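Trainee: I would like the atomic coordinates for the input below:
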Amino acid sequence: MMMKQIRGLTLVYTGDGKGKTTAALGQTIRAAGHCMKVVIIQFIKGDSLCGEHLFAAKYHQFEIVQLNTRSSFNMSLEELRLTTSQTFDLAEKTIASGIYDMVVLDEIMIVLNKGLISEAQVLDLIAKKPEKMELILTGRGAPAKIIEKADIVTEMKEVKYPFTKDYIAQRGIEY
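Mentor: Next up is the predicted model:
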């Protein structure tokens, strides 16, 4: 007997290890395979030459929105504050619209931990999500209250990673 889905889930991918965005991207591919409408909203990222941007542009299986026009890593805190505010407003409107089956808020925990948005804002966003929408939040340092509110939480733990030994980020692995 097949169980009917009752409600959408809130998933959190957090921790110090690699793979949070990668896991969320895997979920989007799985959802797109089931003809679900998916959007990824990126808060902190490099330029648009990331593999996921190239894939989305080529195959149109899901949308990726990154409002900052250049790498977040080269932005001042004030520039990042403005972009974060705009991105968070977009996330609120996107979730409220209910037109997506899955919404990914990539690296939202990073802007939360930088004090660019509040924990209360993120908890409010989770509470306002339409019942059947899947919501995925990624980023290091997810606070306890967000972990408690989520349905599924995975913590990535770094065991071994050459990037910590002065290796450069590799295309297809980190971006």
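
Trainee: CA only for contacts and neighbour counts going forward, please
Mentor: Noted.

Trainee: Strands of the protein, start to end?
Mentor: 10-15, 38-42, 63-65, 102-106, 134-138, 152-156 (DSSP state E).

Trainee: burial of residue 169, as a residue count?
Mentor: 11 (other C-alpha atoms under 10 Å).

Trainee: Tell me how far it lies from residue 140.
Mentor: As judged by C-alpha to C-alpha, to the nearest Å, residue 169 and residue 140 stand 18 Å apart.

Trainee: same thing with residue 94?
Mentor: The spacing between residue 94 and residue 140, counted by C-alpha to C-alpha, is 23 Å.

Trainee: Next: residue 68.
Mentor: Taking C-alpha to C-alpha, one finds residue 68 at 20 Å from residue 140.

Trainee: Also residue 127?
Mentor: Distance from residue 127 to residue 140, by C-alpha to C-alpha: 21 Å.

Trainee: what about these two, which has more around it?
Mentor: More crowded of residue 127 and residue 140, by other C-alpha under 10 Å: residue 140, with 22 against 12.

Trainee: you'd agree the more buried one is up against residue 114?
Mentor: No. Using C-alpha atoms under 8 Å, residue 140 is not in contact with residue 114, being 11.1 Å away.

Trainee: Which of the strands of the chain sits closest to residue 80?
Mentor: Comparing the strands of the chain against residue 80 with C-alpha to C-alpha, the closest turns out to be strand 38-42 (12.5 Å).

Trainee: Show me what that closest one is packed against.
Mentor: With contacts defined as 3 or more C-alpha pairs under 8 Å, 6 or more residues apart in numbering; DSSP states H and E, the packing partners of strand 38-42 are helix 20-33, strand 63-65, helix 77-97, strand 102-106.

Trainee: Let me have those in CSV, extended by mean neighbour count and distance to residue 39.
Mentor: Formatted as CSV, the helices and strands packed on strand 38-42 follow (neighbours: other C-alpha atoms under 10 Å; distance: least, C-alpha to C-alpha, whole Å):
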stretch, mean neighbour count, distance to residue 39
helix 20-33, 18, 8
strand 63-65, 17, 5
helix 77-97, 16, 9
strand 102-106, 25, 5
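
Trainee: I'd like these as JSON lines, with mean pLDDT and distance to residue 41 appended.
Mentor: As requested, the helices and strands packed on strand 38-42 are exported to JSON lines (pLDDT from 0 to 100; distance: least, C-alpha to C-alpha, whole Å):
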{"stretch": "helix 20-33", "mean pLDDT": "94", "distance to residue 41": "11"}
{"stretch": "strand 63-65", "mean pLDDT": "86", "distance to residue 41": "5"}
{"stretch": "helix 77-97", "mean pLDDT": "93", "distance to residue 41": "7"}
{"stretch": "strand 102-106", "mean pLDDT": "97", "distance to residue 41": "5"}
